[in-house]
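A.B. asks: I would like the atomic coordinates for the input below:
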Amino acid sequence: MNLPIAVTQSDLLEILLNVAPTRPVFIWGAPGIGKSALVEQFASEMGLPCVSLLGSQLAPEDIIGIPQIKGETSEFLPPKMIARKEPYVLFLDELNACSQEVQKAFYSLIHERRIGEYHLPEGSIVVGAGNRAQDSAIVKTMSSALINRMFHVQLKADAKQWIKWAQSAGLHPWVIDYIIQRPDHLFSEPPKTEEPFSTPRSWHMLSDALTEYGAEKREIPANTLKMLAYGCLSPSHAGMFFAYTKSLKNSHLLDEIIAQNAKWPAKPEDRDVLYFLAQSFRAKLLTELPQNKKDISGNMLSFVYRAKGMIKELSLINFEIAQMTVAADEEHALPDWFMVEVIRDLPRLVNK
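C.D. replies: Next up is the predicted model:
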């Protein structure tokens, strides 16, 4: 399932607080985007314990329990993890990864908060979650009966909210600073091949690894930093992050280049740093340039002139990197009025 509208972490928390107490909610989202953490946060805000079941590892008897003879009849005894006396949040993670038989076992639990004769304590809440078919994860088709029993919402990664959380959680400053500069690298769609890819979870893993290795406090060998980055992130993001670590000695180099106190690095061995700075410059242009030329202020006018000059300087060092800096992609494009200025001054850069 791929819903037409996706929500941020704060939006989802608000939805859970308002909808989940009365209706089961199913959260769709890519692996590592933060579904489980948000459900745990929701349970905490509700003042309830959170019990998680992993759908991909369940058998039907793990839900409905086992039969016990009582006199001339039998009854099913639900599992101890589910059969509790006090209300709680039951989190059915990877619900759409379980078999059809297990899905059937969930019907009454989700719809009626009941397993056989056992009813969840009054005030208990049921929340499900799962990956999408396009995520290259273990996904099975959910029956229409199960889908129709839940309220569906799709989660998306939001860099601003993640940065705020990362700062409060004390993640490694390199990771936080990098995502501040490249918020578009927080998340990438899962690849079709077997390789790491960037998600909020994988950036958290990289942060933990950097902390354990003592990065920032002591010199970490370049090959070790490469290994850590490529072991957690999408290859392109890992290369950019490694270039970022190389530029830390000149952490304000882009600002210095803009202020004309420094120049683009031109040495062949600094090509990865040049690429990182150029992409950071592109991100700055996308963020700061207004969509309408009439909205340019006095200070912004100076920045526009300097930006055009920097693009020209960059093209003299590496024409392809300069092209990538101004080129439109599927999600982002520099304002049309700025591109007209670039084309007028550097027609070959855009038309090639």
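
A.B. asks: any idea of the mean pLDDT for stretch 51-66?
C.D. replies: Stretch 51-66 shows a mean pLDDT of 76.

A.B. asks: Buried residues, that stretch. List them.
C.D. replies: Neighbour counts over stretch 51-66 (16 or more other Cβ atoms under 10 Å) mark 52, 53, 55, 56, 58, 60, 62, 63, 64, 65 as buried. All C-beta spots, glycine's among them, are computed from the backbone N, C-alpha and C.

A.B. asks: Please tabulate those residues in TSV, including the columns distance to residue 242.
C.D. replies: Formatted as TSV, the buried residues of stretch 51-66 follow (distance: Cβ to Cβ, whole Å):
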residue	distance to residue 242
52	35
53	39
55	37
56	34
58	40
60	48
62	44
63	46
64	51
65	52
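
A.B. asks: Would you point out the most distant pair within these?
C.D. replies: Largest separation among these by Cβ to Cβ: 56 and 65, giving 19.8 Å.

A.B. asks: ok so, going back, quick one: which of the buried residues of stretch 51-66 is nearest to residue 208?
C.D. replies: residue 52 (21.0 Å).

A.B. asks: isn't that closest one right next to residue 93, touching?
C.D. replies: Yes - look at residue 52 against residue 93 with Cβ atoms under 8 Å: they come within range, at 5.6 Å.

A.B. asks: how does the chain divide up, domain by domain?
C.D. replies: If you go by automatic domain parsing, the domain ranges for the chain are 6-156, 160-351.

A.B. asks: Among the buried residues of stretch 51-66, which are located in helices?
C.D. replies: Counting by DSSP state H, the part of the buried residues of stretch 51-66 found in helices is 60, 62, 63, 64.

A.B. asks: For residue 69, pull up the helix or strand it's in.
C.D. replies: Here residue 69 sits within strand 66-70, counting by DSSP states H and E.

A.B. asks: Report the backbone C-alpha coordinates of that strand in CSV.
C.D. replies: Taking Å, rounded to 0.1, in the frame of the first residue of the first chain, the C-alpha atoms of strand 66-70 are listed here in CSV:
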residue,chain,number,x,y,z
ILE,A,66,-3.4,-23.4,23.2
PRO,A,67,-6.6,-25.4,24.2
GLN,A,68,-7.1,-26.7,27.7
ILE,A,69,-9.8,-29.2,28.8
LYS,A,70,-12.2,-27.9,31.4
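
A.B. asks: Compare the mean pLDDT across the domains of the chain and name the weakest.
C.D. replies: Of all these, domain 6-156 has the smallest average pLDDT, which comes to a mean of 85.

A.B. asks: Please compute how far it lies from its chain's middle.
C.D. replies: The chain centroid and the centroid of domain 6-156 are separated by 22 Å under Cα atoms, centre = their mean, to the nearest Å.

A.B. asks: State the phi and psi torsions of residue 184.
C.D. replies: phi -70, psi -10 (degrees, to the nearest 10).

A.B. asks: Do I have it right that it meets residue 283?
C.D. replies: Yes - with contact defined as Cβ under 8 Å, residue 184 reaches residue 283; the gap is 7.0 Å.

A.B. asks: which residues are in contact with both of those two?
C.D. replies: The contact sets of residue 184 and residue 283 do not overlap (Cβ atoms under 8 Å, 6 or more residues apart in numbering).

A.B. asks: For residue 41, which non-adjacent residue is spatially closest?
C.D. replies: residue 13 (6.5 Å; Cβ to Cβ, 6 or more residues apart in numbering).

A.B. asks: same question, residue 141
C.D. replies: residue 96 (7.9 Å).
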